[in-house]
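[1] what would the 3D arrangement of this be:
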Amino acid sequence: MRHEYYYYDRERLLAAPKLPIEVMADNKAVFGAMAEEMAEEIKRKNARGEKTVMICPVGPVGQYPFFVEIVNREKISLKNVWFFNMDEYLTDGKEWISKEDSLSFRGFMDREVYGKILPELIMPEEQRVFPDPHRPEEVGGQIEKLGGVDICFGGIGINGHLAFNEADDQMTAEAFRNLHTRVLEISRETRTANAIGDLNGAIDDMPRFCVTIGMNEIYCARKVRLGCFRDWHRSVVRHAAYGEVSAHFPVTLMQEHPDVLLRITEFVAKLPEE
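    Got it, this is the predicted structure:
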């Protein structure tokens, strides 16, 4: 069965989406807007003397150079900021892969974010949180103690996943929304898409397991901001905006979130024949 919404042109896509969509000129505009919103949220909370709690991805990552530049230029203190990174790849023995591995999200954040922010501005190491495969439940507990997540940033996977919350046709939408931080096996679709992007297609060398922040932690964030910019995001965005809410395509659950925004490029908004 063909799904009509996959073939919506730009006008039809934007006519009546079930979640807000903002079309921006190009990748730079999308990433720049994400970085600006990250910085503005921190400045807003700093001005009130409050903690800022964010869920942050490693994919997309284009926002981070802009964010680092803004923080350093404007001397924005991150001392009262908590970054909860979404996920990390695991070995077959269910341990974090090495930070030195080119695929490591922890290694990326150390090199490209934490290591490039001025030392007098950077948050303490204990406020840079990655889910631990041995104690995944600690993420939810930490978030609860901090008063909840202010804003969650992320992208959307080929099968609609957020973080590594992989699609599951056997679960109801409600049950999927209640999934918490956990270890799981990565789907072949995700491993294939990531292998194309990160390992020149070497799917056999992609990790098979991960630890991921839960759909519950993402959905309970007060604000959710997603960015899409790849060629295959054309169909992902259309499914997110017009598909039925289901665990088959997890991002559709965001249709019911009270404060979500999906930023996409003109490239994604238009189909090739337009």
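[2] mind listing the strands for the protein?
    Remark: strands of the chain, listed N- to C-terminal, are 21-24, 52-56, 81-85, 87-90, 128-129, 151-154, 182-185, 209-212, 223-228, 260-265; assignment by DSSP state E.
[3] in CSV, list those along with mean neighbour count, mean pLDDT and distance to residue 136.
    For every residue, glycine as well, the C-beta is placed using N, CA and C. Putting the strands of the chain into CSV (neighbours: other C-beta atoms under 10 Å; pLDDT from 0 to 100; distance: least, C-beta to C-beta, whole Å) gives the following:
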stretch, mean neighbour count, mean pLDDT, distance to residue 136
strand 21-24, 18, 98, 32
strand 52-56, 23, 98, 14
strand 81-85, 22, 98, 12
strand 87-90, 22, 98, 11
strand 128-129, 20, 98, 12
strand 151-154, 24, 98, 17
strand 182-185, 16, 98, 5
strand 209-212, 24, 98, 6
strand 223-228, 23, 98, 21
strand 260-265, 21, 98, 25
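[4] now the ones you listed as JSON lines including distance to residue 274?
    Below are the strands of the chain laid out as JSON lines (distance: least, C-beta to C-beta, whole Å):
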{"stretch": "strand 21-24", "distance to residue 274": "13"}
{"stretch": "strand 52-56", "distance to residue 274": "33"}
{"stretch": "strand 81-85", "distance to residue 274": "36"}
{"stretch": "strand 87-90", "distance to residue 274": "34"}
{"stretch": "strand 128-129", "distance to residue 274": "42"}
{"stretch": "strand 151-154", "distance to residue 274": "27"}
{"stretch": "strand 182-185", "distance to residue 274": "38"}
{"stretch": "strand 209-212", "distance to residue 274": "35"}
{"stretch": "strand 223-228", "distance to residue 274": "17"}
{"stretch": "strand 260-265", "distance to residue 274": "13"}
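[5] how about the residue nearest in space to the middle of the chain: what's its closest non-neighbour residue?
    Computing the C-alpha centroid of the chain and ranking residues by C-alpha atoms, centre = their mean puts residue 154 first, at 2.0 Å. If the residues on either side of it in the chain are set aside, residue 154 comes closest to residue 57, at 4.6 Å by C-beta to C-beta, 6 or more residues apart in numbering.
[6] what about the one you found, neighbour count?
    Per other C-beta atoms under 10 Å, the neighbour tally for residue 57 reads 22.
[7] repeat for residue 251
    If we define neighbours as other C-beta under 10 Å, then residue 251 has 31 of them.
[8] who touches it in this structure?
    By C-beta atoms under 8 Å, 6 or more residues apart in numbering, residue 251 lies in contact with 156, 160-162, 226, 236, 239-240.
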